[in-house]
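Engineer: okay, here's the prediction I keep looking at, along with the sequence it came from:
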Amino acid sequence: MRIVNILFFMLLAVSCFSQESFSLVENPDILSQEIKSQSDKTFSIRSDFEQRKHLSMLEETLISNGSFAYKKENDVKWQYSYPFNYTIVISNGKFLIDNEGKSSEFDINSNEMFKQINKMIVTAISGDFIGNDDFEVSFYKNEKYYLAELRPKDIFVEDMLKSINIYFSKDKFIVEKVKFVEPGDDFTLIIFKNREQNIKFSDNEFNIN
Amino acid sequence: MRSSLTTKYVLLIIITVIISLLSCSPDYLKKYSKLENSDIKEPVVFDHDFKKAVYKTSFTVMGKQMTGILLIKILEDQEYRFVFVSEIGLKYFDLGISNSNDSLVFKSHYLMPALDRENIKDILFQDFSVLITNKLSNIKPVFYKETKSGNLAFTYYETNTKQVYFLNNEQDKIKQIVWKNKQCGKSEILLSNSQTSLIQTIKISNEKYRILIEINMID
């Protein structure tokens, strides 16, 4: 019986370790303040990114990469250069898409899904979710990151997403990775690299020509 | 006497119509004649070495367009999976087709709410299942030959769906598939290969439900 117990606890320990060994943050209010303060100070971001779409049942990961730009309050640009050229801009209430030279435009409010996607993207990358009623937030930490796990309250969003996991660096409280976890445990992980902050963009940055 | 004659005429007309319907090939096989006792081995879209392929894909249904990446993969249990995700990683659908005791099993692992309509699901399953021509051993193809060019075509008929496969000029690859049934209308599928065994482009159109799927291999 004793051996069974030991084995059980060993398995539990391995299982916890495999989940990147995160533990609950003791003082979430202090961490919230730090994140909010960093978010308030951030007016723009430019960064490269790698996107890994992990399909768990198929044991497949689809990798894309490109560059990313964000300007407060709601201007976002994802410019994919691999595996093909594709740009999506969210600006002035519109989704603008350039798909290898073919442009299209959608009104964000014309479609509930677009609206929710926009909200989730901006929330995740800006780290601006403190006091946001759309999500239930839990904070965790490990040696390298603070992790904010955002679980959507909206049923429509819940159908698409189980949680948004935002990984902050422990020293500067900036967003380093975002993981969009779907029901069924497939996920999309976005890793930001070469990040620059509070830079000035040209007037055309959030246009598609 | 007059009534009996009318009945005979009506019967004659009905019989003539039935005979003419039975003897006619479908429109798209009009110039073809049936090959009796053919032992030709039908080519396949995905050969036996096929493991997976990734395609840039555009899917338009009822005027709404979705774009992204389509992954086609065969799993160890021989289930073919067709997973379509947007560029930003949002999953549109994950459909599985497998063979259980020589009948096809369709499984919707995920379908985003906007696409979760019976007819769209049925058409997608039908469109993808006709690409897996080596899926059932109990259904034998019937071959046809075009009189003028000598080009070959073959048909399958299963569960109320007629499927016609047209071969290229070399008669070694499938260049077009047409399937139709009462419920889903008709889909036309154009395929192109390069030197590799993997299919390069697939274009699927279904007029009745205004569906257009353009699938292009990512270089």
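Structural biologist: Looks like it arrived, so ask away.
Engineer: can you show me the strands along chain B?
Structural biologist: B:32-34, B:52-61, B:64-74, B:80-86, B:91-100, B:103-111, B:142-146, B:152-158, B:161-167, B:174-181, B:185-193, B:199-206, B:211-217 (DSSP state E).
Engineer: what residues does chain A have near chain B?
Structural biologist: For chain A, the residues in contact with chain B (Cβ under 8 Å from any Cβ of the partner chain) are A:51, A:53, A:55, A:57-58, A:60, A:62, A:64, A:78, A:80, A:83-84, A:86, A:88, A:97, A:99, A:104, A:113, A:117, A:121, A:156, A:159-160, A:180, A:182, A:184, A:186, A:188, A:190. Just so you know, the C-beta spots here come from the backbone N, C-alpha and C atoms, and that holds for glycine as well.
Engineer: sitting in helices, which of those residues do you find?
Structural biologist: A:Met113, A:Ile117, A:Ile121, A:Phe156, A:Asp159, A:Met160 (DSSP state H).
Engineer: buried ones among the residues you listed?
Structural biologist: A:Ile117, A:Ile121, A:Met160 (16 or more other Cβ atoms under 10 Å in any protein chain shown).
Engineer: quick one: contacts for the last one?
Structural biologist: Contact criterion Cβ atoms under 8 Å, 6 or more residues apart in numbering or on different chains gives A:Met113, A:Gln116, A:Glu182, A:Pro183, B:Leu90, B:Met112 as the residues in contact with A:Met160.
Engineer: now a ChimeraX select for only the buried ones of those.
Structural biologist: Applying 16+ other Cβ under 10 Å to these leaves a buried subset, and the ChimeraX line that selects it is:
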select /A:116,182 /B:90,112
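Engineer: of the contacts of A:Met160, closest to B:Lys30?
Structural biologist: Ranked by distance to B:Lys30 (Cβ to Cβ), the contacts of A:Met160 are led by B:Met112 at 40.4 Å.
Engineer: which residues of chain B score low on pLDDT?
Structural biologist: Flagging of chain B using pLDDT under 70 yields the residue ranges B:1-26, B:133-137, B:158-159, B:194-196.
Engineer: what's the closest non-adjacent residue to the closest residue to chain A within it?
Structural biologist: Nearest residue of chain B to chain A (Cβ to the nearest Cβ) works out as B:Gly89 at 3.2 Å. Spatial nearest neighbour of B:Gly89, excluding adjacent residues (Cβ to Cβ, 6 or more residues apart in numbering or on different chains): A:Thr188 at 3.2 Å.
Engineer: can you list phi and psi of B:Asn169 for me?
Structural biologist: phi -60, psi -30 (degrees, to the nearest 10).
Engineer: chain B against chain A: which residues are in contact?
Structural biologist: B:52, B:54, B:56, B:58, B:65, B:67, B:69, B:71, B:73, B:75, B:81, B:83, B:85, B:87-91, B:94, B:109-110, B:112-114, B:218.
Engineer: so how do I select the buried members of the residues you listed in PyMOL?
Structural biologist: To isolate in PyMOL the members of the residues of chain B next to chain A that are buried, counting by 16+ other Cβ under 10 Å, one can use:
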select buried, chain B and resi 54+56+58+67+69+71+73+81+83+85+87+88+89+90+91+94+109+110+112
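Engineer: if anything else comes up later, I'll come back, but that's it for now.
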